[in-house]
Structures are given as structure tokens and as C-alpha cells.
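[1] sharing a model that was predicted from the sequence below.
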Amino acid sequence: MLVLMCDAGGSRFAIAVRDVVEVVARPRLDAMPDAPDWVAGLFNYRGRVTPVIDLGRLTGLAAARPLWSGRIVVVHCPGQPDAPVVGLLVDRAVAEQREELADAAPPSRVSRWGAILLDEQGMFCRLDLGGLLTAERQAVLFPLPA
């Protein structure tokens, strides 16, 4: 399985490449008024105002650091008919072929963010975007107009 291995908040995450729209360099983010601390801000993604989640903060870890290697992983919101996109702010992202991540592979443990697996570098989480981008979080990111 081809995955995007990401570092965020001092931990490692794997996102299936089939769920990734694009990976972009970290742009300047504008504040999103009244947003929780896990919302890093808003940016212009291909002509659309797009919210960005700080993956480290959302998962209860450290906030993203202002690094040159910082990236925004653009993904579709699961379960949405018109599939709006959201950015995941990470410290680093690298595509890797990971045979042990085939969908049939048994996880070592499961968290609310996804399966916890082990490799030669230690533990990492195979992100479940449905668990990460819940309907409640999507309502915060995409509020209905008044």
C-alpha cells in the first residue's frame, strides 16, 4: 500500500495515498475566528477558502512547528456528497510503499484515530479520516451561513 508517512506533534502517522488530494508547502495561514485550538487557520487552496487542522494539536500532541519541511496534506472530508477538502498541517511528509499496511494486516492496537502499528522506527498510527474528520469537527470547519 502506498502511504504518506507524516510527522506531527512528535508522533508518526500514515495516510493512504488514495485519500490524499495533494501535498503543498506550508503557506501563510489566516486566522479562523472563534475556532478551537486544533484549527491552524485558513488558506487559499486553488481558489477556495480551505480550513487547516493542526494534526498534532487535534490528536492531543504538540502543535506543528514552523519548519521549512512543514506541509499541508489536502484530503477530502469523508461522507460529504460534494467532498469539500481540508488541510492537515504536519511537520514532514514522505510517500512510502508499505506492504505491511495492506488493508488485511491486523493492527497491534486501535485508537480513535486509527490502527496503531509498529515498524523498525517504532509506533505509528494509520489514520482513519472518518474518525479524524467527524461530523462534529466538519461542522466547526464548515459552518453553515447565517
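    Here it is on my side, so go on. Residues are numbered from 1 along each chain as shown.
[2] only C-alpha atoms from now on, for both contacts and neighbour counts.
    OK.
[3] can you give me the strands for the chain?
    Listed in chain order, the strands found in the chain under DSSP state E are 2-8, 11-16, 20-25, 39-45, 48-54, 71-76, 85-90, 92-97, 109-111, 114-119, 122-127.
[4] out of the ones you listed, nearest to residue 143?
    Relative to residue 143, the nearest member of the strands of the chain by CA to CA is strand 48-54, separated by 11.0 Å.
[5] I'd like the average pLDDT over that closest one.
    Across strand 48-54, the average pLDDT comes to 95.
[6] and it, which strands flank it?
    Using DSSP bridges, the strands paired with strand 48-54 in its sheet are strand 39-45 (antiparallel), strand 85-90 (parallel).
[7] middle-most residue in the chain, spatially?
    Relative to the mean C-alpha position of the chain, the nearest C-alpha, by CA atoms, centre = their mean, is the one of residue 88, at 3.7 Å.
[8] want to throw the strands paired with strand 48-54 into TSV with mean pLDDT and distance to residue 66?
    Shown next, in TSV, are these (pLDDT from 0 to 100; distance: least, CA to CA, whole Å):
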stretch	mean pLDDT	distance to residue 66
strand 39-45	95	12
strand 85-90	96	10
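[9] who wins for proximity to residue 55 among those strands?
    Ranking these by proximity to residue 55 (CA to CA) places strand 85-90 first, at 5.8 Å.
[10] tabulate the CA atom coordinates of the closest one in PDB.
    Backbone C-alpha positions of strand 85-90 (Å, rounded to 0.1, in the frame of the first residue of the first chain) are rendered in PDB as follows:
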ATOM      1  CA  VAL A  85     -11.300  19.500   1.200                       C
ATOM      2  CA  VAL A  86      -9.500  20.200   4.400                       C
ATOM      3  CA  GLY A  87      -5.700  20.600   5.100                       C
ATOM      4  CA  LEU A  88      -3.800  18.600   7.700                       C
ATOM      5  CA  LEU A  89      -0.800  20.600   8.900                       C
ATOM      6  CA  VAL A  90       2.200  18.300   9.500                       C
END
